[in-house]
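*Asks:* One predicted model, sequence on top.
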Amino acid sequence: MRNILIALLAVIFVSCSNSTGYKKKLDINCSDREPLELVVKQYNKALFSLDTANFAEEISALHDDFPELIPSDLDEEQINFLKLFVTDTFCLRINKMVEQAFPDIAFVEDDVKSVYQHLNYYFPEIPVLPTYTYVSGIDMSSGPVMLADNYVMISLDYYLGNKNLIYDYVGMPRFMSVRCRPENMQRDLAQALYFKYLRQNVISKDVLSEMIERGKMYYFIEAMTPSVADSVLLGYSAKQMKWAGDNEGQVWASVVGNKMLYSNNLEIKRMLFNEGPFTAAFSEEAPARLGDFLGLQIVRSFMSSNDVTLTNLLNITDEQEIFQMSQYKPSKR
């Protein structure tokens, strides 16, 4: 009886260690890393405060403060485009909402600096670029964060919390606008950094490969923003996140039992990875992209079960190796 009890306690201990091991790896104080100070310049504030009666001269004068955004040789077409933008009634409306939501950007600077400091801890060779806030007019083609070769742009009008149903007005689905909140800014910046500097050009071979590739991305984002909630990390509502956590074992059993794991079937991939309001194959309460959710759990289990670093993880190109070494076995509830 005593031996059975010891064995049971050992299993419980290992299980608890595996569930929290990755968290301990990510619990790093990066406050002494570069940049120790960060100024995020407000391009939106400078642009919308220009006198449109003397627009050509005033916009050209912004070159010194925003050299990456305003070239020294602006032509007439560029000037007219910018003038039309700042006088557009919808853009003016959006800018007013941004000014009300962000009367100062001290917390934006703190959040952005924290992401950069974590990036510097893991990847000191990646430079910190000049960073600006702007108003995009909720341009869904550019997204919330644009990362160019020599600057970063954060679109503050993507973080208004759907005030006055503004995202409904531009036709953004609710399953997407749930992410348009200030707490998503760090996550969006980290994802942009991943795609710019660290994503490997891997051709997805099957469902498992896609799961783990996406899991690696989410784990990187979590490393840059270790205090972020899982719902924010995955872009789910709190209710959707609860459903995913409560039904993890059943979803995994269905994927394995229906031989989806090594499938290349496009319909199966769409079901597991495409955006949408829910995954009808499981439940109208089930969030979309359940393949993303499972991939993150596999990678977390791998990082908890093995003595590897974030860099090691991102450099592993054999998804099957990660899966086998993850010891991922979610239980049905």
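*Replies:* All right, it came through fine. Numbers count the residues shown, from 1 in each chain.
*Asks:* how about the helices in the stretch 151-300 of the chain?
*Replies:* Here the stretch 151-300 of the chain has its helices, by DSSP state H, counting those that start in this stretch, at 166-169, 174-177, 185-193, 207-224, 230-234, 238-246, 248-257, 266-273, 290-305.
*Asks:* could you give me the average pLDDT of the last one?
*Replies:* pLDDT averaged over helix 290-305 equals 97, rounded to a whole number.
*Asks:* cool, and the longest one?
*Replies:* Here the mean pLDDT over helix 207-224 is 97, rounded to a whole number.
*Asks:* helices or strands next to that helix in the packing?
*Replies:* helix 2-26, helix 106-122, helix 185-193, helix 230-234, helix 266-273, helix 290-305, helix 310-315, helix 319-326 (3 or more C-beta pairs under 8 Å, 6 or more residues apart in numbering; DSSP states H and E). Placement of C-beta: from N, CA and C, glycine included.
*Asks:* Include distance to residue 200 when you put those helices into TSV, please.
*Replies:* Formatted as TSV, those follow (distance: least, C-beta to C-beta, whole Å):
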stretch	distance to residue 200
helix 2-26	21
helix 106-122	16
helix 185-193	14
helix 230-234	21
helix 266-273	18
helix 290-305	14
helix 310-315	8
helix 319-326	11
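*Asks:* between those helices, which one is nearest to residue 40?
*Replies:* Relative to residue 40, the nearest member of those by C-beta to C-beta is helix 106-122, separated by 4.9 Å.
*Asks:* Please compute how far the closest one lies from its chain's middle.
*Replies:* Centre-to-centre, helix 106-122 and its host chain are 14 Å apart (C-alpha atoms, centre = their mean, to the nearest Å).
*Asks:* Give me the contact list for it.
*Replies:* By C-beta atoms under 8 Å, 6 or more residues apart in numbering, the residues outside helix 106-122 that reach it are 28, 30-31, 33-35, 37-40, 102, 126, 128, 131, 133, 154, 156, 182, 185-186, 189-190, 193, 223-226, 310-311.
*Asks:* Just the buried subset of those, please.
*Replies:* Buried subset of the contacts of helix 106-122 (neighbour count, 16 or more other C-beta atoms under 10 Å): 30, 33, 38, 40, 102, 128, 131, 133, 154, 156, 182, 185-186, 189-190, 193, 223-225, 310.
*Asks:* if we can go back for a sec, want to try JSON lines for the helices of the stretch 151-300 of the chain, with distance to residue 121 as columns?
*Replies:* Listed next are the helices of the stretch 151-300 of the chain as JSON lines, based on distance: least, C-beta to C-beta, whole Å:
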{"stretch": "helix 166-169", "distance to residue 121": "34"}
{"stretch": "helix 174-177", "distance to residue 121": "31"}
{"stretch": "helix 185-193", "distance to residue 121": "13"}
{"stretch": "helix 207-224", "distance to residue 121": "9"}
{"stretch": "helix 230-234", "distance to residue 121": "19"}
{"stretch": "helix 238-246", "distance to residue 121": "27"}
{"stretch": "helix 248-257", "distance to residue 121": "30"}
{"stretch": "helix 266-273", "distance to residue 121": "30"}
{"stretch": "helix 290-305", "distance to residue 121": "16"}
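*Asks:* Nearest to residue 75 among these would be which one?
*Replies:* helix 185-193 (29.1 Å).
*Asks:* and the closest one, what other elements does it pack with?
*Replies:* Against helix 185-193 (3+ C-beta pairs under 8 Å, 6+ apart) you get helix 106-122, strand 145-147, strand 152-155, helix 207-224.
*Asks:* Between helix 207-224 and that helix, find me the angle.
*Replies:* Helix 185-193 and helix 207-224 are oriented at 120 degrees to each other (axes from the mean of the first three to the mean of the last three C-alpha atoms, to 10 degrees).
*Asks:* If you average the pLDDT over helix 185-193, what comes out?
*Replies:* pLDDT averaged over helix 185-193 gives 98.
*Asks:* So what touches it?
*Replies:* 108, 111-112, 114-115, 119, 126, 143-147, 152, 154, 158-159, 217, 220-221, 224-225, 228, 232-233.
*Asks:* Kindly supply the PyMOL command isolating those of the residues you listed that are buried.
*Replies:* Applying 16+ other C-beta under 10 Å to these, the buried members can be selected in PyMOL as follows:
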select buried, resi 108+111+112+114+115+119+144+145+146+147+152+154+158+159+217+220+221+224+225+228+232+233
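*Asks:* No more questions from me, cheers.
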